[in-house]
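Chemist: Mind looking at a prediction? Sequence and model below.
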Amino acid sequence: PVRYIANRSSGAQGAAIARELAALGAEVVFVTGPATVPPPGGVDVIRVETAQEMLAAVEGALPADAAIFAAAVADWRVVGASTRKIKKGAGGTPALEFAENPDILATVSAMEAGRPRLVVGFAAET
């Protein structure tokens, strides 16, 4: 069965940034979704699966002096995903309903209390 719909990302950019910041002596909290590049050593790692989990982890890591957002977070998520396989021939093609995922960068940037002094974000558009 389809397990999830996501943006494929290696995590290389975020790992490289975290590695360099840690080498400079920064205390780094590395929030990561599924990625092919392992997190660097010397950082606190929080693993997440969804955009909602990532937002909660980021909010839980605040306050911070700076926040750098390099993750390729999916813009959409499936609403009411099945917990079990939907067999072929079980009444036609299943319908998918989508909902917007939270914009983590925008949420943190708009914080009135606890916002990092420096917020950096990356966007990959095709």
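Modeler: Looks like it came in fine. Not measured: the values here are computed from a predicted model.

Chemist: what's R117 in contact with, if anything?
Modeler: R117 sits next to D65, A66 when contact means Cβ atoms under 8 Å, 6 or more residues apart in numbering. (Glycine included, C-beta is placed from N, CA and C.)

Chemist: Roughly how far does it sit from A67?
Modeler: 9 Å (Cβ to Cβ, to the nearest Å).

Chemist: in the protein, which spans are helices?
Modeler: Assigned by DSSP state H, the helices in the chain fall at 12-23, 51-61, 104-109.

Chemist: So which elements touch the first one?
Modeler: Just to be clear, that refers to helix 12-23. Judged by 3 or more Cβ pairs under 8 Å, 6 or more residues apart in numbering; DSSP states H and E, helix 12-23 is in contact with strand 29-32, strand 66-69.

Chemist: Within the sheet, what are the partner strands of the first one, with directions?
Modeler: Translated: strand 29-32. Next to strand 29-32 in the sheet, as set by DSSP bridges, lie strand 44-47 (parallel).

Chemist: Just the buried positions in the partner strand, please.
Modeler: I46 (16 or more other Cβ atoms under 10 Å).

Chemist: Lowest-scoring secondary structure element of this structure by mean pLDDT?
Modeler: Lowest mean confidence among the helices and strands of the chain (mean pLDDT, DSSP states H and E): strand 76-79, at a mean of 90.

Chemist: Of all the residues in it, which ones are buried?
Modeler: Neighbour-count burial for strand 76-79, counted by 16+ other Cβ under 10 Å, picks out R77.

Chemist: Next, format the helices and strands packed on helix 12-23 as a markdown table and append distance to L55.
Modeler: Below are the helices and strands packed on helix 12-23 laid out as a markdown table (distance: least, Cβ to Cβ, whole Å):
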| stretch | distance to L55 |
| --- | --- |
| strand 29-32 | 9 |
| strand 66-69 | 11 |
